[in-house]
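Enquirer: this is the structure alone, sequence omitted:
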């Protein structure tokens with residue numbers, strides 16, 4: 001039975017027809033590329049022939065023999081692109097009609113095919129995939145190439161443009177059609193997306209070999225659930241940083257797409273948009289209810305236990321406890337804040353969530369106030385990072401978002417469960433528990449700190465001691481600190497009074513009327529084996545004394561006559577047993593080496609939990625002892 005290939009099929013494709021589904025024959029197949037396998041085809045319509053590249057998701061068709069030399073195929077999805085002034089068909093989807101057949105027709109090579117045969121595009125095209133839910137090709141990955149790959153034809157997409165009138169438009173400046181985020185690819189010349197801003201990053205400054213610069217990014221979500229990150233640098237930052245507001249819907253166009261850096265970008269998209277000087281952002285005045293406010297993919301806490309380290313996840317749970325902030329020194333020498341809290345859910349598990357930086361003072365402080373008032377709020381965490389140090393835990397990163405008591409079905413279900421039965425149910429923690437005395441902590445007595453030479457190695461030692469605070473120096477218990485913002489955090493450097501009675505910061509090179517006060521406590525702690533001196537900074541000092549450094553400073557400054565509030569505040573915190581997490585590290589002062597002991601966390605004693613911990617250290621103990 002004779003086979004009729006699509007008459008004039010090759011010229012029609014090269015002329016821009018992407019809607020027909022032509023029957024063509026495969027005359028030749030060649031494997032090209034070493035790092036990534038790609039197949040080049042020679043296609044025929046019985047008269048003309050043309051080079052084509054097979055999308056990598058179709059490679060198995062060749063490997064399994066479904067497509068081979070002589071096969072008659074029907075092209076379902078394809079685009080025609082120009083590479084170095086030569087056209088090539090990129091096959092995104094096709095069906096095999098006849099697996100093998102004799103060569104059909106009286107063939108002649110298309111004008112460009114001969115040239116292409118001598119210059120195969122082995123480095124010009126990377127892999128393509130298509131999104132099953134649409135009829136439009138969606139390239140999802142592009143290897144680094146030395147050639148420019150620009151399509152000549154764009155698939156039509158509905159709905160039609162929704163742009164404001166900007167006056168007369170030149171012929172080549174017609175508004176780009178709005179497409180879904182999922183359909184974005186680097187091979188489109190003109191596009192526009194309509195999406196809601198779900199997150200906006202802080203403005204960051206950087207310095208590299210090219211000089212100083214600034215950058216910020218924001219995340220978008222469209223009506224089909226597609227997400228993508230947008231990044232702006234330098235002059236583009238000045239144009240758009242104040243324009244972008246979280247929760248607003250915008251139409252964005254004229255940006256470039258580059259592969260997303262997955263170390264910093266958790267969104268489910270292979271691409272990231274970089275805005276340029278010609279890019280446009282238009283606010284949609286009418287709220288589009290079809291675009292959700294946020295998109296979550298919550299993972300039960302029980303599943304986090306088997307989740308790979310450094311994974312980025314969404315989780316929701318009831319906050320059952322919140323610990324005070326503690327200062328932590330970064331590797332670059334800068335100080336940041338850390339606050340731990342616990343989440344539990346219906347899976348019967350609980351997990352420790354660590355808040356870093358400004359999260360401690362914003363959402364962290366609000367959560368602590370709610371918990372201290374007796375209320376257990378629901379917290380949704382968008383883009384938390386899984387850690388596996390001493391069990392599994394979650395930490396915030398720069399792109400994390402926290403939602404307290406969000407209006408969502410998951411939050412309502414969790415609240416109903418907790419109020420009904422969850423409040424009184426025990427949950428098993430998948431994280432280390434400092435307060436209950438985790439075996440993973442290194443417990444020491446005070447005498448062991450000196451006897452074992454802790455802190456004298458290259459790395460700091462971290463230990464837990466059960467002790468009492470027996471004395472606090474009160475002459476210099478705090479220092480005057482800069483309240484200005486330096487980079488993305490408060491400066492906190494020591495400031496001095498200038499000649500005009502204003503405070504001056506040498507680091508920020510500015511003057512101001514009011515300064516901050518930050519704890520720098522020198523405390524003597526002791527247990528049954530001995531005593532030592534430790535230093536407690538801001539948050540640890542607040543936990544020890546129960547008030548801010550500024551309040552205590554005012555108590556001391558205003559003390560008159562019988563007003564002994566300052567003295568009582570000091571006495572009230574002495575000789576109560578506490579659990580202290582200590583950082584021990586040898587430092588150089590002038591030419592002298594000294595071991596410095598810093599308090600990084602303070603917890604009041606929970607004797608029931610501590611006793612359970614001690615029982616757990618006894619070999620062969622009765623496992624079901626209840627206290």
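Expert: Great, that's in hand. All figures in this text were calculated on a predicted structure; none of them were measured in a lab.

Enquirer: contacts and neighbour counts: CA atoms only from here.
Expert: Will do.

Enquirer: residues in contact with whichever strand or helix holds residue 470?
Expert: Element membership for residue 470 (DSSP states H and E) is strand 461-472. Residues from elsewhere that reach strand 461-472 (Cα atoms under 8 Å, 6 or more residues apart in numbering): 441-446, 454-455, 521-527, 570, 573-585.

Enquirer: what do you get if the cut-off is 6 Å, keeping everything else the same?
Expert: 442-445, 455, 522-527, 574-584 (Cα atoms under 6 Å, 6 or more residues apart in numbering).

Enquirer: the helices in the stretch 501-627 of the chain, which residues?
Expert: Ranges of helices in the stretch 501-627 of the chain, per DSSP state H, counting those that start in this stretch, are 538-545, 549-558, 565-571, 607-616.

Enquirer: wait, I meant the stretch 151-300 of the chain
Expert: Counting by DSSP H, counting those that start in this stretch, the helices of the stretch 151-300 of the chain are 235-240.

Enquirer: same check, this time on the stretch 351-500 of the chain
Expert: 358-361, 363-372, 409-420, 446-451.

Enquirer: from the contacts of strand 461-472, which land in strands?
Expert: Residues of those located in strands (DSSP state E): 522-527, 577-584.

Enquirer: out of the helices of the stretch 351-500 of the chain, which gets nearest to residue 566?
Expert: helix 363-372 (25.1 Å; Cα to Cα).

Enquirer: what's in contact with the closest one?
Expert: Counting by Cα under 6 Å, 6+ apart, residue 322 sit against helix 363-372.

Enquirer: for that helix, which positions count as buried?
Expert: 363-365, 367-368, 370-371 (16 or more other Cα atoms under 10 Å).

Enquirer: cool, stretch 467-484 as well?
Expert: 467-472, 477-484.

Enquirer: okay if I get those as CSV plus pLDDT and distance to residue 384?
Expert: As requested, those are exported to CSV (pLDDT from 0 to 100; distance: Cα to Cα, whole Å):
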residue, pLDDT, distance to residue 384
467, 95, 34
468, 95, 36
469, 95, 36
470, 94, 40
471, 95, 40
472, 95, 39
477, 93, 36
478, 93, 35
479, 93, 35
480, 93, 35
481, 91, 32
482, 90, 31
483, 87, 29
484, 84, 29
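
Enquirer: and these, which is closest to residue 98?
Expert: Closest to residue 98 out of those is residue 484 (73.6 Å), distances taken as Cα to Cα.

Enquirer: would residue 58 count as being in a helix?
Expert: Yes - residue state for residue 58 (DSSP: H, G, I helix; E, B strand; the rest coil) corresponds to a helix.

Enquirer: phi, psi for residue 234 please.
Expert: phi 50, psi -110 (degrees, to the nearest 10).

Enquirer: hang on, isn't it packed against residue 212?
Expert: No - counting by Cα atoms under 6 Å, residue 234 stays clear of residue 212, with 9.2 Å between them.

Enquirer: if we can go back for a sec, neighbour-wise, which of the ones in strands among the contacts of strand 461-472 leads?
Expert: Highest neighbour count within the ones in strands among the contacts of strand 461-472, by other Cα atoms under 10 Å: residue 580, with 25 neighbours.

Enquirer: okay, and the beta partners of that residue?
Expert: residue 465, residue 602 (DSSP bridges).

Enquirer: what sits against it?
Expert: Shown in contact with residue 580 (Cα under 6 Å, 6+ apart): 464-465, 601-602.

Enquirer: with residue 196 instead?
Expert: The contact partners of residue 196, taken as Cα under 6 Å, 6+ apart, are 220-221, 248-249.

Enquirer: what score does the residue sitting nearest the centre point of the chain have for pLDDT?
Expert: Per Cα atoms, centre = their mean, the C-alpha nearest to the average position across the chain is that of residue 399, at 4.2 Å. Reading off the confidence values, residue 399 has pLDDT 80.

Enquirer: and it, how far is that from residue 385?
Expert: Distance from residue 399 to residue 385, counting by Cα to Cα, to the nearest Å: 10 Å.

Enquirer: same question, residue 202
Expert: Counting by Cα to Cα, the gap from residue 202 to residue 385 is 19 Å.

Enquirer: repeat for residue 3
Expert: Residue 3 is 58 Å from residue 385, by Cα to Cα.

Enquirer: now residue 306
Expert: 14 Å.

Enquirer: what about those two, which has more around it?
Expert: Between residue 306 and residue 385, counting by other Cα under 10 Å, residue 385 is the more crowded of the two (21 against 10).

Enquirer: can you list contacts of stretch 395-412?
Expert: Contacts of stretch 395-412 (Cα under 6 Å, 6+ apart): 353-355, 378-385.

Enquirer: just stretch 339-350 next, same as before
Expert: Contacts of stretch 339-350 (Cα under 6 Å, 6+ apart): 301-302, 317-325, 351-355, 360, 427-429.

Enquirer: quick one: pLDDT of residue 204?
Expert: 86.

Enquirer: sec struct for the closest residue in space to residue 297 that isn't next to it in sequence, please.
Expert: Distances taken as Cα to Cα, 6 or more residues apart in numbering place residue 314 nearest to residue 297, at 5.7 Å, with adjacent residues excluded. What three-state DSSP gives for residue 314 is strand.

Enquirer: list the contacts for residue 314?
Expert: Counted by Cα under 6 Å, 6+ apart, residue 314 has contacts 297-298, 381-383.

Enquirer: coming back round to it: which of the contacts of residue 196 fall within strands?
Expert: Among those, the members falling in strands (DSSP E) are 220-221, 249.

Enquirer: pLDDT for those - can I get that in CSV?
Expert: Output for the ones in strands among the contacts of residue 196, formatted as CSV (pLDDT from 0 to 100):
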residue, pLDDT
220, 94
221, 92
249, 93
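
Enquirer: closest one to residue 590 out of the residues you listed, please.
Expert: The shortest gap between residue 590 and any of those belongs to residue 220, at 52.4 Å (Cα to Cα).

Enquirer: touching, that closest one and residue 197? I think so.
Expert: Yes - using Cα under 6 Å, residue 220 makes contact with residue 197 at a distance of 4.7 Å.

Enquirer: how many neighbours does residue 3 have?
Expert: Counted with other Cα under 10 Å, residue 3 comes out at 13.

Enquirer: no, scratch that, I was asking about residue 608
Expert: 11.

Enquirer: equivalent analysis for residue 275, please.
Expert: 23.

Enquirer: secondary structure class for residue 319?
Expert: Following three-state DSSP, the label given to residue 319 is strand.

Enquirer: let me see the confidence value for it.
Expert: With respect to pLDDT, residue 319 has a value of 95.

Enquirer: low-confidence regions, the stretch 301-450 of the chain specifically.
Expert: Applying pLDDT under 70 to the stretch 301-450 of the chain flags residues 329-334, 389-390, 432-441.
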